[in-house]
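Undergrad: Sequence first, then the predicted structure, then my questions.
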Amino acid sequence: MLSLDTSIEKIAGVGPKMAARLAKLGIEKIHDLIFHFPCRYDDFSKITEIAKVGVGTFCLKGKVLEIKNQRTPRRRMFLTHAIIQDSTGSIKAVWYRQPYLTKMLKKGDQIILVGAVEYSSSGLIIQNPTWEKFSRQTIHSGRIVPVYPETQGINSKWLRKIILPLLKLIDGLPDFLPDEIIEKNSLINYSTALRQIHFPDSVEWARQAKKRLAFDELFLLQLKMLELKKKWQSYQAPKIELDIGTVKKLVAELSFKLTNAQRRAAWEILKDINSEVAMNRLLEGDVGSGKTIVAAIAMLVCANSGYQSILMAPTEVLANQHFIHLSDILSPFGLKVGLLISSKAEVFPARKSAPRAKIIADIKSGKINIVIGTHSLIADKVNFKKVGLAIIDEQHRFGVKQRALLRRKAKTCPHLLSMTATPIPRTLTLALYGDLDLSIIDEMPAGRQRVATYLVKPEKRPAAYQFIADQIKQGRQIFVVCPLIEESDKLGVKSAEQEYQKLKKEIFPQFKIGLLHGKMPVLKGRGLASAGKSKLEIMEEFKNHKYDILVSTAVIEVGVDVPNATVMMIEGAERFGLAQLHQFRGRVGRAGHKSFCFLFTESPSEKTYQRLSALVNLYDGFKLAEKDLQIRGPGEIYGIRQHGLADLKTASLTDIKMLKLARQEAEWVIAAGLTKFPKLEKILDEYKAGRQLE
């Protein structure tokens with residue numbers, strides 16, 4: 001007997017060969033097949049009388065007057081000709097390379113056809129139409145017809161035939177949504193929605209089905225987020241005593257004035273850590289908005305209260321940058337700051353390499369107040385004494401398991417602060433980070449100038465090169481960023497090396513040019529390119545002006561600070577998203593010098609120019625992120641899978657109205673108590689495991 005957990009190979013008409021093809025669509029059980037929703041519909045519900053047919057796509061109903069096969073004289077290809085008649089007239093139908101139709105269709109059969117009607121020398125003809133014999137329940141014509149995501153050997157017609165008889169398995173399926181939510185939001189019931197999403201009785205029924213199933217997805221997502229938030233808030237974290245005097249001293253020592261946004265974010269964090277309820281906050285700010293100083297304030301307060309702080313960064317270059325900046329900021333306070341990455345270990349104030357075992361021992365004993373690193377921080381040998389604050393920078397680059405492991409390594413439950421320099425559209429923040437409190441730095445420090453941005457057409461390239469040469473002669477430096485040139489070149493090494501050679505030999509032979517890409521080791525003597533210079537060496541040399549131009553891959557997207565650089569030149573700009581291009585642009589204009597960003601593209605596409613023009617006209621990272629979201633979708637930009645979210649089949653993360661509604665109803669359920677809704681509690685458990693039906 002078939003059930004939702006039955007393997008698809010047990011379905012009549014599905015053998016091992018078709019099962020292997022279905023597996024490419026992620027379909028292994030009947031449950032998966034029922035949740036393989038249509039991507040669109042063809043409205044063939046209106047049957048047109050043959051006498052009213054013109055050029056275009058039509059759905060016709062008629063009787064087969066005659067049907068025969070014929071071979072073309074030159075290519076010897078089979079054509080199947082038929083005459084179809086209704087009460088108003090007749091039309092010729094033709095199928096290509098389907099001679100078996102003469103055995104399936106006989107004179108006198110009543111059929112429904114859907115296809116493109118065109119003029120021929122003999123009059124109107126319907127070309128290669130989809131057809132089925134007329135019955136009370138047609139599935140390929142005479143109705144709203146579902147069109148599914150397909151793969152080689154699996155088409156929508158075959159899927160419709162397989163899915164329809166399986167829908168009886170969902171009849172009477174209990175509805176997990178509370179009646180109050182269904183009635184309040186005018187939602188149809190669960191089993192009806194699943195049936196109507198596949199074979200809707202009308203366009204309106206299809207809309208209602210999508211509305212119900214989209215709500216379910218966002219509601220379960222928000223419920224999961226709120227449950228995680230409630231669970232996190234049940235953890236007891238150390239109460240960090242606020243030493244306002246020390247904070248004021250730190251602020252007074254700075255060479256710049258904090259923005260109001262930085263002050264607000266710092267105060268929100270300090271209030272959170274001054275509680276035994278574990279903080280779980282996201283600090284979000286545009287490139288160069290000053291998140292590091294906000295983090296430094298919280299770390300200093302933690303150290304003064306006797307607790308360690310951890311900062312985990314996604315790359316060694318970024319971790320090293322944080323180590324340098326935080327050491328400088330906190331130098332007046334006598335704190336020990338440690339750096340632990342795979343290529344080296346250092347400690348401030350000495351700021352020189354130290355025996356790795358010694359630093360690990362000092363971390364364990366608590367002698368090091370602040371520990372900065374990459375994945376090395378979650379290595380088996382690394383243990384901490386008393387962690388009060390864990391900070392994860394560019395946290396979207398870490399998987400859920402990595403973040404959880406860092407928290408476990410802290411032994412006591414620390415306050416958790418996530419940071420990102422990738423502006424996230426407000427529509428997505430609710431979906432991706434619904435379990436976190438949010439602090440936004442939406443104000444740039446004084447003195448930061450807008451980076452003038454230009455979209456350079458191919459014929460203007462020589463003028464751009466001349467401008468760059470003039471900038472170098474004025475003592476400024478240039479970044480050149482290269483994209484991937486083919487899928488196999490994951491690190492963009494080929495394009496960077498080609499550009500390096502071109503600039504060095506043909507365009508700027510008079511200037512000093514450096515090369516930086518992902519295959520280089522972080523430190524000399526490590527990795528594939530151990531005979532050459534390391535990333536950190538090259539970056540340090542560029543910062544010290546040993547190079548006029550640095551050709552790089554996307555490795556310089558975050559964590560690189562070269563105040564003297566005034567031009568960001570981006571090759572193949574169409575290969576990057578707007579948010580990433582904005583990150584690159586943020587690498588210049590950091591020291592008061594007038595700065596520029598040149599977007600080079602060889603693409604003749606008008607759509608490309610329209611998209612890149614958004615970067616020319618917009619300087620607000622959040623607005624650009626919204627634009628990028630509209631163009632590219634959330635999955636490609638934000639690595640949705642890394643957030644541990646189930647795939648959304650009907651809902652859109654950009655539907656802010658539906659997101660807010662789902663959030664509101666999820667909050668109502670949490671406030672009322674999830675245990676009051678056992679069906680919902682059960683499906684939520686299965687949702688976490690990736691199941692969505694039972």
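TA: Noted; the coordinates are in hand. Fair warning: this is a prediction, and the values are worked out from it, not measured in the lab.
Undergrad: Report how many residues lie close to the spatially closest residue to Gln308 that is not a sequence neighbour.
TA: Closest residue to Gln308 apart from its sequence neighbours, by C-beta to C-beta, 6 or more residues apart in numbering: Val387 at 4.9 Å. C-beta coordinates here come from the backbone N, C-alpha and C atoms, glycine included. Per other C-beta atoms under 10 Å, the neighbour tally for Val387 reads 24.
Undergrad: Show me this structure divided up by domain.
TA: With domains defined by automatic domain parsing, the chain comprises 1-42+149-169, 46-142, 171-234+655-694, 244-441, 452-618.
Undergrad: which parts of the longest helix along the chain are buried?
TA: Taking DSSP state H as the criterion, the chain has its longest helix at helix 203-233. Counting neighbours by 16 or more other C-beta atoms under 10 Å, one finds that the buried residues in helix 203-233 are 205-206, 208-229, 232.
Undergrad: What distance do you get for Lys504 to Asp548?
TA: From Lys504 across to Asp548, the span is 11 Å (C-beta to C-beta, to the nearest Å).
Undergrad: Quick check on the two: which one has the bigger neighbour count.
TA: Per other C-beta under 10 Å, whichever of Lys504 and Asp548 has more neighbours is Asp548, with 21 against 17.
Undergrad: how near is the closest residue to that one other than its chain neighbours to Thr151?
TA: Distance criterion C-beta to C-beta, 6+ apart; nearest residue to Asp548, sequence neighbours excluded, is Phe511 at 4.2 Å. Going from Phe511 to Thr151 by C-beta to C-beta gives 52 Å.
Undergrad: What of Lys473?
TA: From Lys473 to Thr151 the distance is 57 Å (C-beta to C-beta).
Undergrad: cool, and Leu258?
TA: Per C-beta to C-beta, Leu258 is found 55 Å from Thr151.
Undergrad: Can you tell me the strand partners of whatever helix or strand Glu118 lives in and which way each runs?
TA: Using DSSP states H and E, Glu118 falls within strand 110-120. Looking at strand 110-120 with DSSP bridges, its partner strands are strand 56-71 (antiparallel), strand 123-133 (antiparallel).
Undergrad: outside of the shortest one, which residues touch it?
TA: Contact partners of strand 123-133, identified using C-beta atoms under 8 Å, 6 or more residues apart in numbering, comprise 53-54, 58, 60, 84, 91-96, 105, 109-119, 138-141, 157.
Undergrad: just checking, next helix/strand downstream of that strand?
TA: strand 144-147.
Undergrad: Equivalent analysis for the longest one, please.
TA: Sequence order places strand 78-86 as the next helix or strand after strand 56-71, per DSSP H and E.
Undergrad: Can you point out the buried residues in that next one?
TA: Phe78, Thr80, His81, Ala82, Ile83, Ile84, Asp86.
Undergrad: repeat for stretch 445-462
TA: Those would be Pro445, Arg448, Val451, Thr453, Leu455, Val456, for stretch 445-462 by 16+ other C-beta under 10 Å.
Undergrad: how about it as CSV, C-alpha atoms only?
TA: Taking C-alpha atoms only, stretch 445-462 is exported to CSV below (Å, rounded to 0.1, in the frame of the first residue of the first chain):
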residue,chain,number,x,y,z
PRO,A,445,32.1,58.6,9.9
ALA,A,446,32.9,62.2,9.2
GLY,A,447,35.5,62.8,6.4
ARG,A,448,34.5,59.8,4.3
GLN,A,449,33.9,61.1,0.8
ARG,A,450,31.7,59.5,-1.8
VAL,A,451,33.6,57.4,-4.2
ALA,A,452,32.9,58.8,-7.7
THR,A,453,31.8,55.8,-9.8
TYR,A,454,31.9,55.5,-13.6
LEU,A,455,30.8,52.8,-16.0
VAL,A,456,33.5,52.7,-18.6
LYS,A,457,32.6,51.7,-22.1
PRO,A,458,35.3,49.9,-24.2
GLU,A,459,36.1,53.0,-26.3
LYS,A,460,36.7,55.0,-23.1
ARG,A,461,39.3,52.5,-21.7
PRO,A,462,42.4,54.5,-22.9
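Undergrad: if we can go back for a sec, how about the domains of the chain, which one is nearest Ala625?
TA: When the domains of the chain are compared by C-beta to C-beta, domain 244-441 sits nearest Ala625, at 4.3 Å.
Undergrad: Give me the mean pLDDT for that closest one.
TA: Domain 244-441 shows a mean pLDDT of 86.
Undergrad: For Lys29, give its distance to Ala379.
TA: For Lys29, the distance to Ala379 - C-beta to C-beta - is 39 Å.
Undergrad: repeat for Ser331
TA: Distance from Ser331 to Ala379, counting by C-beta to C-beta: 28 Å.
Undergrad: can you check Gln510 too?
TA: 47 Å.
Undergrad: same deal with Val301?
TA: 28 Å.
Undergrad: Over to Leu60?
TA: 69 Å.
Undergrad: So which of these two has more stuff around it?
TA: Neighbours per residue (other C-beta under 10 Å) separate Leu60 from Ala379, with Leu60 holding more: 25 against 14.
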